[in-house]
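When you get a sec, could you give me coordinates for this:
(one chain, ligands or ions: 2)
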Amino acid sequence: MPTHPADLTELSFDDSFVRTLPGEAPTNEAVARRSREVRGACWAAVTPTPVSAPRIAAWSEGAGALLGLRRPTAAGAVADVLGGNRLVTGMRPYAACYGGHQFGHWAGQLGDGRAITLGETLGPDAQRWEVQLKGAGPTAFSRRSDGRAVLRSSLREFLCSEAMFHLGVPTTRALALTTTGDAVVRDMFYDGHPRAEPGAIVTRLAPCFVRLGHFEIFASRGETQPAQALLAWLLAHHFPELGPPSDDALVALFATVAERTARMIADWMHVGFVHGVMNTDNLSVLGLTIDYGPYGFLDTYDPDFTPNTTDFQGRRYRYANQPGIGQWNLYRFALALSPLLSDPQRLEAPLSAYVGHFETHWRERMARRLGVALTPEDMPFLDEMNSTLGAVETDPTLFFRRLIDLAALPAGLTGEAALVAPLAECFYDAARSPAGDTDLRDRWVRWLRDWRGRFDADPRPAEVRRAEMAAASPAVIPRNWLAQEAIDAAEQGDFGPLERLMAAVRRPYEATPENAHYRQRRPEWARDKAGCSALSCSS
Ligand code: AMP
Ligand code: MG
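Ligands and ions are numbered 1, 2, ... in the order given. Modelled structure (predicted):
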């Protein structure tokens, strides 16, 4: 065991996934990197394809601490490992095999087309972490793509993984953002204008990266044996409290995944996160937010918002649809687990229970955000809030922060001006705000009086509830325009703006003079700028 803090090259690596599960190990690299069907296997061995000049452009101290790591130099042995140019003893890299439903349709084999797991290592607290490179070159699952990732999308994944963690949303982590020194060609708008962009690799960490689609691929092919092996591994390593494989353990596993997914999506809804590509291959069995692609955060409260240009037509993955899609995906997961269970109907109850879990988690946090007790009977009160938020372009993040200020005003406060004045900055258009629109003003005054009456009537100390409100409604979220500012600078070789943005997202529930820039609503320049309002899947 290394003494901590250690260098990545000093860690011990193991790979229980490779060691215990069926896989495919081609004898030469050319074959390993060739796109193909991989049958009866959980993984296909492949080493990362080397890059010209790996440099660690950003590093997460918090994620590093999980592995007991000290900050490495920008170039050197650690950068070589994270760029895919060098392996550490014990690493047996592989790409995982999985399938998935994309936009509601079965897509067959997908797998890690550009992610390569280097190995598993134990942190100082004995937690097992899988270390994975995203953008490390072709694998068996790359199909016609290059296995690479561009800087803009890698920076967005690095940023959002860490931001979500600090927001308290279950997520995979990001250890480092490494530039490769190589160009990657992408046609960002899919309009016949490909351009060379800087390439990058994100080093991701999670206890494991198993997705719902891992089980779907086996079910689709009638491969029960590898599915059973994967199930046994998952239970032993990630759900030891559920015991060895049995019908009961499988049902309990499904119920746990369903509850964790409900909790995760309830958290997404509160921070205004829209994943953008909630395909079953992009949902983790651990209930972690995974695969940050064309995601976005609500700049205006719009239930129909989707950041993903590929989803503009059907809007399947729009903000308000996420809880329902979570259940649809779990239904697919249940079907995939069914061949492993003597009575698959036992999965119906936990699938239905998902709705209750979601509502409970969502309402509990909403109660903290509003500083009032809430029961299912209060839905009309909440519906009226949401519909008023959606009436004109209104920033929901700012709205909930201003409520904390309103809760600090003297009890019994009902004067119209005092109620709506603090909300001014939440609205994008003064003419279509309570200052310029009397109907909207009346609506807000009515709702705010209702809310304030409930707040004043609550028996718990107001100060305690105000503190809870501040801890439940973030001041800083990694809005697309903030990410874009960091991307524009990074593409010119300046990672200073990213570093400052990272410092802000690490303390999302604090409002200080230093983070004022990161607490603003979307500026007008970002309204229709690519990367700010809409994102393509090109990454
Ligand atoms: P996503 O929708 O981004 O999660 O990706 C769906 C599938 O496409 C996954 O199997 C990815 O690994 C694969 N994929 C996406 N981009 C690339 C790429 N540049 N090279 C190889 N495979 C890719
Ligand atoms: Mg994916």
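
element containing the closest residue in space to Glu157 that isn't next to it in sequence?
Once flanking residues are discounted, Glu157 sits nearest to Tyr292: 4.1 Å by Cβ to Cβ, 6 or more residues apart in numbering. Bear in mind the C-beta positions are built from the backbone N, C-alpha and C, glycine included. Tyr292 belongs to no helix or strand when assigned by DSSP states H and E.

Next, count neighbours for Tyr292.
Residue neighbour count, defined by other Cβ atoms under 10 Å, stands at 29 for Tyr292.

so what's it up against?
Neighbouring residues of Tyr292 by Cβ atoms under 8 Å, 6 or more residues apart in numbering: 156-157, 160-161.

gap between it and ligand 1?
Distance, Tyr292 to ligand 1, using Cβ to the nearest ligand atom, to the nearest Å: 9 Å.

swap in Ala32?
Distance of Ala32 to ligand 1, computed by Cβ to the nearest ligand atom: 14 Å.

same thing with Gly99?
Distance, Gly99 to ligand 1, using Cβ to the nearest ligand atom: 9 Å.

Same question for Ala503.
28 Å.

Relative to Pro26, which of the contacts of Tyr292 is nearest.
Pro26 lies nearest to Glu157 out of these, by Cβ to Cβ, at 28.5 Å.

my guess is that closest one contacts Ala174, does it?
Yes. The criterion here is Cβ atoms under 8 Å, and Glu157 meets it with Ala174 at 6.4 Å.

and these two? which has more neighbours close in?
More crowded of Glu157 and Ala174, by other Cβ under 10 Å: Ala174, with 28 against 23.

Skipping adjacent residues, who's closest to that one in space?
Excluding its sequence neighbours, the residue lying closest to Ala174 (Cβ to Cβ, 6+ apart) is Ser161, at 3.9 Å.

follow-up on the earlier one: shared neighbours of Glu157 and Ala174, anything?
By Cβ under 8 Å, 6+ apart, the residues touching both Glu157 and Ala174 are 202, 204.

Now whatever residue of the stretch 251-400 of the chain ends up closest to ligand 2, what are its backbone angles?
Going by Cβ to the ion, ligand 2 is nearest to Asp291 of the stretch 251-400 of the chain, at 3.9 Å. With angles defined as degrees, to the nearest 10, Asp291 sits at phi 60, psi 70.

And the residue nearest to it when sequence neighbours are not counted, how close does it get to ligand 1?
What sits nearest to Asp291 in space, not counting adjacent residues and going by Cβ to Cβ, 6+ apart, is Asn282, at 4.4 Å. As judged by Cβ to the nearest ligand atom, Asn282 and ligand 1 stand 5 Å apart.

and what of Phe239?
Noted for Phe239: a distance of 24 Å to ligand 1, by Cβ to the nearest ligand atom.

I'd assumed Val257 was in contact with that residue.
No. Phe239 is beyond contact range of Val257, at 9.1 Å (criterion: Cβ under 8 Å).

quick one, which of those two is more surrounded?
More neighbours surround Val257 than the other of Phe239 and Val257, with 24 against 17 (other Cβ under 10 Å).

What are the buried residues along the one helix or strand that one maps to?
Taking DSSP H and E as the criterion, Val257 maps to helix 247-271. Neighbour counts over helix 247-271 (16 or more other Cβ atoms under 10 Å) mark 249-271 as buried.

Could you do stretch 210-222 as well?
Using 16+ other Cβ under 10 Å as the burial criterion, the residues of stretch 210-222 that qualify are 210-219, 221.

List of residues touching it?
By Cβ under 8 Å, 6+ apart, stretch 210-222 touches 39-40, 42, 96-101, 106, 108-110, 223-224, 226-227, 230-231, 234, 238, 257, 279-286, 290, 329-330, 332-333, 335-339.

Show me those that map onto helices.
Residues of the contacts of stretch 210-222 located in helices (DSSP state H): 224, 226-227, 230-231, 234, 238, 257, 329-330, 332-333, 335-337.

where does this structure have low pLDDT?
Applying pLDDT under 70 to the chain picks out residues 1.

Would you map out the domains in it?
According to automatic domain parsing, the chain is divided into the following domains: 8-212, 372-457.

For Ser539, which of those is the nearest?
Closest approach to Ser539 among the domains of the chain (Cβ to Cβ): domain 8-212, 3.4 Å.

And Thr306, which helix or strand is it part of?
Per DSSP H and E, there is no helix or strand for Thr306.

Quick check: it touching Arg318?
Yes. Between Thr306 and Arg318 a contact is recorded at 4.5 Å, counting by Cβ under 8 Å.

hey, what's in contact with both of the two?
Common neighbours of Thr306 and Arg318 (criterion: Cβ under 8 Å, 6+ apart): Val274.

re the thing from before, kindly compare burial across the domains of the chain and name the winner.
A comparison of the domains of the chain by mean neighbour count, using mean count of other Cβ atoms under 10 Å, puts domain 8-212 on top with a mean of 20.

ok, and for stretch 530-539, which residues are buried?
Residues of stretch 530-539 classed as buried: 531-536, 538-539 (neighbour count, 16+ other Cβ under 10 Å).

circling back to that earlier point, so Thr306 and Arg318 - more neighbours on which side?
For Thr306 versus Arg318, the count of surrounding residues by other Cβ under 10 Å is larger for Thr306: 26 against 20.

Identify the residues contacting the closest residue to ligand 1 within the stretch 101-250 of the chain.
Residue nearest to ligand 1 within the stretch 101-250 of the chain (Cβ to the nearest ligand atom): Gly113, separated by 2.3 Å. Shown in contact with Gly113 (Cβ under 8 Å, 6+ apart): 95, 138-139, 141-143, 145, 147.

Could you pull up phi and psi at it?
Torsion angles, degrees, to the nearest 10, at Gly113: phi -80, psi -20.

Distance check, the residue lying closest to Ala486 once chain neighbours are set aside against Leu235.
Distances taken as Cβ to Cβ, 6+ apart put Leu498 closest to Ala486, at 4.1 Å, once the chain neighbours are dropped. From Leu498 across to Leu235, the span is 39 Å (Cβ to Cβ, to the nearest Å).

Please apply the same query to Pro194.
From Pro194 across to Leu235, the span is 45 Å (Cβ to Cβ).

For whichever strand or helix holds Val420, list the C-alpha coordinates in PDB.
Element membership for Val420, per DSSP H and E: helix 416-420. The C-alpha trace of helix 416-420 is given here as PDB (Å, rounded to 0.1, in the frame of the first residue of the first chain):
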ATOM      1  CA  GLU A 416     -47.300  44.400  -2.700                       C
ATOM      2  CA  ALA A 417     -44.100  46.300  -3.500                       C
ATOM      3  CA  ALA A 418     -42.100  44.700  -0.700                       C
ATOM      4  CA  LEU A 419     -43.200  41.200  -1.900                       C
ATOM      5  CA  VAL A 420     -42.300  41.600  -5.600                       C
END
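
Tell me which helix or strand comes right after that helix.
Sequence order places helix 438-457 as the next helix or strand after helix 416-420, per DSSP H and E.

Against which helices or strands is that next one packed?
Judged by 3 or more Cβ pairs under 8 Å, 6 or more residues apart in numbering; DSSP states H and E, helix 438-457 is in contact with helix 348-370, helix 379-389, helix 396-408, helix 416-420.

would JSON lines of those helices with distance to ligand 1 be doable?
Below are these laid out as JSON lines (distance: least, Cβ to the nearest ligand atom, whole Å):
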{"stretch": "helix 348-370", "distance to ligand 1": "23"}
{"stretch": "helix 379-389", "distance to ligand 1": "30"}
{"stretch": "helix 396-408", "distance to ligand 1": "26"}
{"stretch": "helix 416-420", "distance to ligand 1": "43"}
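
among those, which is nearest Arg443?
When those are compared (using Cβ to Cβ), the closest one is helix 379-389, at 5.1 Å.
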